[in-house]
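Asker: please find the sequence and the predicted model below.
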There are 2 protein chains.
Amino acid sequence: MTKMKKNRVLIFDTTLRDGEQSPGASMGQSEKVQVAKQLARLKVDIIEAGFPVASPGDFAAVQAVAEQIKGPRVAGLARCRDGDIKRCAEAVAPAGNRARIHVFLATSAIHRKFKLRKAKTEILRHAVAGVELATSLCQDVQFSPEDASRTEPEFLAEVCQAVIDVGATTINIPDTVGYAVPREFFSLVQYLFDHVRGIESTTVHVHCHNDLGLAVANSLAAIRAGARGVECTINGLGERAGNCSLEEVVMAIKTRSDALDGIWTGVNSKEIYRSSRMVSQLSGMAVQRNKAVVGANAFAHESGIHQDGMLKDRSTYEIMIPEDVGFSGTELVLGKHSGRHALKEHLLKMGFKLTALNLDRAYEAFTQLADKKKTIYDDDLVAIMQDQMPGVPQLYTLNYLHVSTGSGTVPTATVRLSREGQLSQDAACGDGPVDAALKTIERISKEPGKVLDFSVHSITQGKDALGEVSIQVEFAGGTVSGKGSSTDIVEASAKAYLNSLNRYLFSKSHSKKTPKEATRKKSSADSSGRRKSAAR
Amino acid sequence: MTKMKKNRVLIFDTTLRDGEQSPGASMGQSEKVQVAKQLARLKVDIIEAGFPVASPGDFAAVQAVAEQIKGPRVAGLARCRDGDIKRCAEAVAPAGNRARIHVFLATSAIHRKFKLRKAKTEILRHAVAGVELATSLCQDVQFSPEDASRTEPEFLAEVCQAVIDVGATTINIPDTVGYAVPREFFSLVQYLFDHVRGIESTTVHVHCHNDLGLAVANSLAAIRAGARGVECTINGLGERAGNCSLEEVVMAIKTRSDALDGIWTGVNSKEIYRSSRMVSQLSGMAVQRNKAVVGANAFAHESGIHQDGMLKDRSTYEIMIPEDVGFSGTELVLGKHSGRHALKEHLLKMGFKLTALNLDRAYEAFTQLADKKKTIYDDDLVAIMQDQMPGVPQLYTLNYLHVSTGSGTVPTATVRLSREGQLSQDAACGDGPVDAALKTIERISKEPGKVLDFSVHSITQGKDALGEVSIQVEFAGGTVSGKGSSTDIVEASAKAYLNSLNRYLFSKSHSKKTPKEATRKKSSADSSGRRKSAAR
């Protein structure tokens, strides 16, 4: 039993913080809460919900996650600055005894010299002061020496010693730039266990980036040296090449526990595929077909030899069972004649929480889609339910769209938008029907936008598949992503563009307020959240 | 010098064999030759060009690569069967003393029991017989005990010993199902070095799959134990979660040679990004943004803290320089008023080989595109040049297209196709403009097709970006992928569907012939290939 407990590896998910930092992957508050709820179903141990001081929106999102999530601990990130730490403590407070403050400060020579311009003694002093303040505000305090893998081991041990002495309960060793190789990272963690007094009574985490394709292996090497927490993200989202991928490290531990000293995690692997799909859809970051564990090909077998082997016995070419990660393939579920009850039963089975209102809306969207598509798949339903989620106010909505295009035709769009009940229409030409539609929207909204990235994925199979457009648009105030789905690719594109435009306009109006106002406004608008706070 | 040589790790690229086996990634002969030429520019050591016995098309592709590629060795794959080995010898023969036969036979208990239904002694006998035949036909013979990582080490050593004794010059240890973890894989390779006589005078390769995200780490662990060849693919293409990714393992070795016993490869890393783009475009397999080394985000920095650090000094958050992998970002190159000479110079600088004919065609496509787009980027030119590549005969071409769609409009397409000069036109309705266009093509061609996968990526930035559609269609005889690009998304979709239809019709007419006929037809059609054969 003790050995069992000793071998437990904590899963610290940072999809909402480091993952959300990846270019093109921004999520709004309601999307973050939705992901956090899924992470709780996945049974991760800690959710890092954001970086509260970064913006009022980040603060509000961390607070909303802290209020609404049951189960995992909720962490917020803070630099070693009083303002950061206080703001973080405020944001995570609603999680009560599951709240964590995660303080970080860079320790490597490169960062000391170029970024912080501080000597070692100053770094030590700042780290200690930050952790002292954090422990006065929250009982669970994690410290990360940023760029640890490029820090001199002696100085790293000195910093870890100092913050443990003032009460840090978790020490996280980040390979911030994805530079480590497994043998070396193993030695570094082992060195800390050998040289830092009291480290064995804290939990040591690692946080690896995948720049050289080694994030999972480095995490496993650190566990072998005594680490018992892995920081990771769904789909390996994160800065640059991303973080250690949750699904890969969890399934490596589950599949090869025999070769990994019997370690295990508390993750419910059957929720992995659903988590991957949700994060991919909400962040707009597609997963490549040949992505391990969650890619479309992860359990596909093409060559004749492999297919032959598979038919004889699955174990010949498959070390994991697709069902273990909740990968059920494309499952035919409902047709045009399925009623409201069948839809409700099926959505409940899929794990959605239903209110009378969102069931009404989902049923309406379902019948509209069933008029167009012969068969409705699980994935169609996921798209429908995600459209029902409360999110950014839809300032502009699409009221009418018509496009005409083809060879020898100048692509032309007619668009009518509704803004707070007011209709405006216009037309424009473009290089293609999507270009024409977006130019017309730009003309009506008078908000110049530059499309930086555009992609479409069929969510389901068949010519009549529901297509989902992900778009990234640069407006005057910053880059915003958007999503839209429809069986009509032009309509999906227009919806995606409007989604990003609405997000941009919302953030523009929001950022004019001071942080305090925004927070107050948020909590009074979110009555369910307020009630929960009051009850605590 | 000797130590330098001892530390050289050979790069064996199997993009054209294992990579091409991944569901959705099939390439035609001309595409394979194009990729092989790029692999030669990348300076890989060995190109595995295909599995000659699999189909007449595979045979012809291996033969064409063996004929046309200078520099790397050219290998073909063969099971331990006389027919396979003889056919493989014939296909790789044009490479002369750079030809290699790669024989494989599964050795693990699971494969022996379920797939081969053979006892250990039979496996040994077959392996020896296969290698003996191969060495009688080719001086360079590689043997792979398939599923080695799940084979009993003692039996694995016995098999390796037996094939080395009869002349195998390279032993490849595959982790066929992506099951190994680094420490264990290190021990396995070390065990072989300790127990197989003469293994030190062969080259030991490893071939790792990425099912648990450990392919790069397992390859590096095996190198530490004495392996000196890594089998890998561009973009990590391959069965299921794919193979060890060439760009990751090469850049890990280059960046961290200091921590990896001074190992090095002969790869010209500046060709990595171009190779990645070419394979992604020709195979239709997109690379996710957060893919290490070659993803769109690999060198992008989003968070304010990282951006601040980057401005102060790049090394704070960047361990590789984008230019090292040939990642130049989106480079503005040519505009509407650039002339034919400027285009020619630029294409030559980009590494394209030009004939008067393909320059004419490229210039025509360039001026057409420049009418639609203000600025033409390198990536636009790559798309144009790839359209010029000789490939599958275009039986059907798009002569006219018109679509009309929008809210309250039934999406309707009018399409006119040309087939050997004969024009046919028709119209159809659909759920969206793409659906309508594809249904009309289906109506004209009378070839029912089911779209399994559909995706669009903007190749360049801006609303007027050139979009590339990748499509996978299931026809009566099998699944075929296709690609098309245009600034008009509907036109790009119609082109992609026609591309897959033409490939399907070509393979249908091709597969009716016996292998011999098909080969003869191929070599007489490809006069440049024939001339080279005759000259040798």
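Answerer: Ah, there it is.
Asker: all strands for the stretch 251-400 of chain A, in order.
Answerer: A:332-335, A:375-377, A:396-406 (DSSP state E, counting those that start in this stretch).
Asker: mind checking the SS state of A:I171?
Answerer: Under DSSP: H, G, I helix; E, B strand; the rest coil, A:I171 falls in the strand class.
Asker: distance of it from A:S245?
Answerer: Applying CB to CB, to the nearest Å, the value for A:I171 to A:S245 is 23 Å. For the C-beta atoms, the positions are set from N, CA and C on the backbone; glycine is no exception.
Asker: what of A:I46?
Answerer: With CB to CB as the criterion, A:I46 and A:S245 are 17 Å apart.
Asker: neighbour count winner among the two?
Answerer: A:S245 (28 against 25; other CB atoms under 10 Å in any protein chain shown).
Asker: which residues touch the residue nearest to the more buried one when sequence neighbours are not counted?
Answerer: Residue nearest to A:S245 in three dimensions, not counting chain neighbours: A:G236, with 3.4 Å by CB to CB, 6 or more residues apart in numbering or on different chains. Neighbour list for A:G236: A:N210, A:A215, A:G242, A:N243, A:C244, A:S245, A:L246, A:E248, A:K291, B:N290 [criterion: CB atoms under 8 Å, 6 or more residues apart in numbering or on different chains].
Asker: what about the stretch 301-450 of chain A, any weak spots by pLDDT?
Answerer: Residues of the stretch 301-450 of chain A that meet the criterion pLDDT under 70 lie in A:301-312, A:328-337, A:350-351, A:371-375, A:377-379, A:383, A:386-393.
Asker: I'd like to know how far the one residue in the stretch 1-150 of chain A that gets nearest to chain B sits from A:P174.
Answerer: The nearest approach of the stretch 1-150 of chain A to chain B comes at A:F114, 3.7 Å away (CB to the nearest CB). The gap separating A:F114 from A:P174 is 17 Å, by CB to CB.
Asker: between those two, which has more neighbouring residues?
Answerer: Legend: neighbour count by other CB under 10 Å for A:F114 and A:P174, higher for A:P174 (24 against 18).
Asker: which stretches of the stretch 151-300 of chain A have low pLDDT?
Answerer: Ranges of the stretch 151-300 of chain A meeting pLDDT under 70: none found.
Asker: and with 80 instead?
Answerer: A:281-286, A:299-300 (pLDDT under 80).
Asker: so where do the helices sit in it?
Answerer: Counting by DSSP state H, counting those that start in this stretch, the stretch 151-300 of chain A has helices at residues A:153-165, A:182-195, A:215-224, A:246-255, A:272-283.
Asker: what angle do the first one and helix A:182-195 make?
Answerer: Computed with axes from the mean of the first three to the mean of the last three CA atoms, to 10 degrees, the direction of helix A:153-165 lies at 50 degrees from that of helix A:182-195.
Asker: what about the strands in the stretch 401-536 of chain A?
Answerer: Assigned by DSSP E, counting those that start in this stretch, the strands in the stretch 401-536 of chain A fall at A:412-419, A:422-429, A:450-458, A:467-475, A:478-486.
Asker: can you say which of the ones you listed is packed in most?
Answerer: strand A:467-475 (a mean of 24; mean count of other CB atoms under 10 Å in any protein chain shown).
Asker: now check it, is it near chain B?
Answerer: Yes - using CB under 8 Å from any CB of the partner chain, strand A:467-475 reaches chain B at A:G467.
Asker: deepest of the helices of the stretch 151-300 of chain A, which one?
Answerer: helix A:215-224 (a mean of 29).
Asker: that helix packs against which elements?
Answerer: Secondary-structure packing of helix A:215-224 (3 or more CB pairs under 8 Å, 6 or more residues apart in numbering or on different chains; DSSP states H and E): strand A:170-175, helix A:182-195, strand A:203-208, strand A:229-232, helix A:246-255, helix B:182-195, helix B:215-224.
Asker: please redo it, this time with the cut-off set to 6 Å
Answerer: helix A:182-195, strand A:203-208, helix A:246-255 (3 or more CB pairs under 6 Å, 6 or more residues apart in numbering or on different chains; DSSP states H and E).
Asker: wait, A:A221 touches A:A180, no?
Answerer: No - look at A:A221 against A:A180 with CB atoms under 6 Å: they stay out of range, at 8.4 Å.
Asker: separation between the residue sitting furthest away from the middle of chain A and chain B?
Answerer: Largest separation from the mean C-alpha position in chain A: A:G408, at 44.2 Å (CA atoms, centre = their mean). Here A:G408 is placed at a distance of 7 Å from chain B (CB to the nearest CB, to the nearest Å).
Asker: pull the number of nearby residues for the closest residue to that residue other than its chain neighbours.
Answerer: Among residues not flanking A:G408 along the chain, B:Y400 sits closest, at 6.9 Å (CB to CB, 6+ apart). Applying other CB under 10 Å, we find 15 residues neighbouring B:Y400.
Asker: my read: B:Y400 touches B:R416, true?
Answerer: Yes - assessed by CB under 6 Å, B:Y400 is found in contact with B:R416 at 3.8 Å.
Asker: for the stretch 1-150 of chain A, what lies in contact range of chain B?
Answerer: Where the stretch 1-150 of chain A comes near chain B, counting by CB under 6 Å from any CB of the partner chain, the residues are A:Q21, A:S22, A:P23, A:I110, A:H111, A:F114, A:K115.
Asker: which of those has the most neighbours?
Answerer: A:S22 (29 neighbours).
Asker: check contacts around A:V469.
Answerer: A:V456, A:G484, A:A492, A:S493, A:A496 (CB atoms under 6 Å, 6 or more residues apart in numbering or on different chains).
Asker: whoops, I mixed them up, A:V325
Answerer: Residues near A:V325 by CB under 6 Å, 6+ apart: A:S269, A:I272, A:Y273, A:V293.
Asker: how about the last one, phi and psi?
Answerer: Note on A:V293: its backbone torsions stand at phi 70, psi -50 [degrees, to the nearest 10].
Asker: quick one: it and chain B, what's the gap?
Answerer: For A:V293, the distance to chain B equals 7 Å [CB to the nearest CB].
Asker: what of the third one?
Answerer: For A:Y273, the distance to chain B (CB to the nearest CB) stands at 14 Å.
Asker: can you count the residues close to the closest residue to that residue other than its chain neighbours?
Answerer: Leaving aside its sequence neighbours, A:Y273 sits nearest to A:G326 (CB to CB, 6+ apart; 4.1 Å). For A:G326, the neighbour count with other CB under 10 Å is 19.
Asker: A:G326 touches A:K270, doesn't it?
Answerer: Yes - if you go by CB under 6 Å, A:G326 and A:K270 touch, sitting 4.4 Å apart.
Asker: measure the residue farthest from the centre of chain A to A:A494 for me?
Answerer: From A:G408 over to A:A494 the distance is 24 Å, taken as CB to CB.
Asker: and what of A:H207?
Answerer: Counting by CB to CB, the gap from A:H207 to A:A494 is 40 Å.
Asker: just to revisit the earlier point, quick one: contacts for the residue nearest to A:Y273?
Answerer: A:K270, A:E271, A:I272, A:Y273, A:R274.
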